[in-house]
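In: Provided below for reference: sequence and predicted model.
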Amino acid sequence: MKVRKAVIPAAGLGTRMLPATKTVPKEMLPLVDKPVIQYIIEEAVAAGIEDILIVTNRAKSAMDDYFDYYPELEDRLQRSGKEKELAEVKRSADLANIFYVRQKETKGLGHAIWRAKRFVGDEPFAVLLGDDIMKAQKPVIRQLIDAAEKYDRSCVGVQSVATEAISKYSSVKVSPLEERTFAVSDMNEKPTREQMLSNYAILGRYVLTPDIFPILETLEPGYGGEIQLTDGLKVLAHQDKMLAVDFEGRRYDTGNLKGFLEATVDFALEHPETGDWLRAFLKEKAAAL
């Protein structure tokens, strides 16, 4: 089992970030000096992924343009002697082999993943949600890939969340295999406190085998009237063995305003051009409160 491909579902309407996302894809909102989706692609590339498919919709052509060359801009930067800016502009186009497919109807995450069937073929593949940025010493998706390749199984990334928060996520039923790695026997989508299977919630990273595609193809709509990936994974977990990795790292949900602002502050504090200034600015603001 060798994972070489990744799928990034990015076809959502961004309703949690309106009105900013009315005309700008939420994945293209700037997080300090790069769009959100670039951080996710950089994580995949750092994990050894070679080919990446972005699942988009008709309103998200800005992503296609961003990861392409821009000869007029590059020429202007070169003639102006702005070598640093030129290198950054070209780097975004050279990050990986990036492909696109549209989710022509808004039918849920499971349907978006099913749209990747031809791209994936008969290979295992990684899934990185377009909302979730991970800050970790070892790329979070690499942590999952290592476990999936070791055990030759599908794998989901999890962390423990508070009981009162589990209804926002998918809860998994687990039994320990080794440190931070579990066998998964069941899961459910956005459970109530009484329905939850554990405090371990799936958080935005997956490694899946192509066995998921025939399941998704015949899956009935679930929560919210959409094809839920969790429902497909539940079937897969019942059919075959599945893993969960309690990954090491900090997850930011940039699909909502508070998570986006948390990520902006943390990443800006670490940025060489903004860190010292922002630290002093925040101290000044805090002192004035």
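Out: Structure received.

In: Sketch out the strands for the protein, chain order is fine.
Out: 5-9, 30-31, 34-35, 51-56, 97-102, 125-128, 132-135, 154-160, 170-178, 181-189, 200-208, 242-246, 250-253 (DSSP state E).

In: Return the residues in contact with Ile8.
Out: Contact analysis of Ile8 by C-beta atoms under 8 Å, 6 or more residues apart in numbering lists Ile37, Ile40, Ile41, Ala44, Ile52, Leu53, Ile54, Val55, Val127, Leu128, Leu129, Gly130. Every residue, glycine included, has its C-beta placed from N, CA and C.

In: The same query, at a cut-off of 10 Å, please.
Out: 27, 37, 40-41, 44, 52-56, 63, 98, 112, 116, 126-130 (C-beta atoms under 10 Å, 6 or more residues apart in numbering).

In: Likewise for Arg16?
Out: Arg16 neighbours (C-beta under 10 Å, 6+ apart): Lys26, Asp131, Asp253, Thr254, Gly255, Asn256, Leu257, Gly259, Phe260.

In: how near is the fifth one to Leu261?
Out: In this structure, Gly255 lies at 12 Å from Leu261, with C-beta to C-beta, to the nearest Å as the measure.

In: more crowded one of those two?
Out: The neighbour count for Gly255 versus Leu261, taken as other C-beta atoms under 10 Å, is higher for Gly255 (22 against 12).

In: what residues are up against the more buried one?
Out: By C-beta under 10 Å, 6+ apart, the neighbours of Gly255 are 12, 14-17, 21, 26-27, 29, 36, 129-132, 204.

In: per-residue pLDDT, it?
Out: The model reports Gly255 with a pLDDT of 89.

In: Columns distance to Val156 on top of the contacts of Arg16, output as TSV?
Out: Below are the contacts of Arg16 laid out as TSV (distance: C-beta to C-beta, whole Å):
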residue	distance to Val156
Lys26	23
Asp131	16
Asp253	16
Thr254	20
Gly255	19
Asn256	21
Leu257	26
Gly259	20
Phe260	24
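
In: Closest to Pro210 out of the residues you listed?
Out: Asp131 (24.4 Å; C-beta to C-beta).

In: Phi and psi next, for that closest one.
Out: phi -90, psi -30 (degrees, to the nearest 10).

In: Mind checking the strands of the chain for the one nearest to Pro214?
Out: It is, among the strands of the chain and with distance given as C-beta to C-beta, strand 200-208, at 12.5 Å.

In: Using CSV, write down the CA coordinates of the closest one.
Out: The C-alpha coordinates for strand 200-208 follow below in CSV (Å, rounded to 0.1, in the frame of the first residue of the first chain):
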residue,chain,number,x,y,z
TYR,A,200,-12.7,10.7,19.7
ALA,A,201,-13.9,12.9,16.8
ILE,A,202,-12.8,12.7,13.1
LEU,A,203,-11.0,15.9,12.3
GLY,A,204,-10.4,16.6,8.6
ARG,A,205,-7.8,14.0,7.6
TYR,A,206,-8.4,10.5,6.0
VAL,A,207,-6.5,7.8,4.1
LEU,A,208,-8.9,5.7,2.2
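
In: Quickly note the distance from Ala268 to Val89.
Out: 21 Å.

In: Mind checking which of the contacts of Gly255 are in helices?
Out: Val36 (DSSP state H).

In: Report the buried members of the contacts of Gly255.
Out: 12, 14, 16-17, 21, 26-27, 29, 36, 129-132, 204 (16 or more other C-beta atoms under 10 Å).

In: biggest separation within these, which pair?
Out: Pairwise over the buried ones among the contacts of Gly255, using C-beta to C-beta, the maximum falls at Thr21 and Gly204, 18.3 Å.

In: quick one: buried residues of the helix or strand of the chain with the lowest mean pLDDT?
Out: Across the helices and strands of the chain, mean pLDDT, DSSP states H and E gives its lowest value to helix 61-66, namely a mean of 87. Under the neighbour-count criterion of 16+ other C-beta under 10 Å, helix 61-66 has Met63, Tyr66 buried.

In: Then stretch 218-238?
Out: Neighbour-count burial for stretch 218-238 [16+ other C-beta under 10 Å]: 219, 222, 226-237.

In: That one: end-to-end distance?
Out: 16 Å (C-alpha to C-alpha, to the nearest Å).

In: Same question for stretch 248-256.
Out: 22 Å.

In: buried ones in that stretch?
Out: Gly249, Arg251, Tyr252, Asp253, Thr254, Gly255.

In: swap in stretch 237-246?
Out: Buried residues in stretch 237-246 (16+ other C-beta under 10 Å): Ala237, Met242, Leu243, Ala244, Val245, Asp246.

In: Alright, calling it a day.
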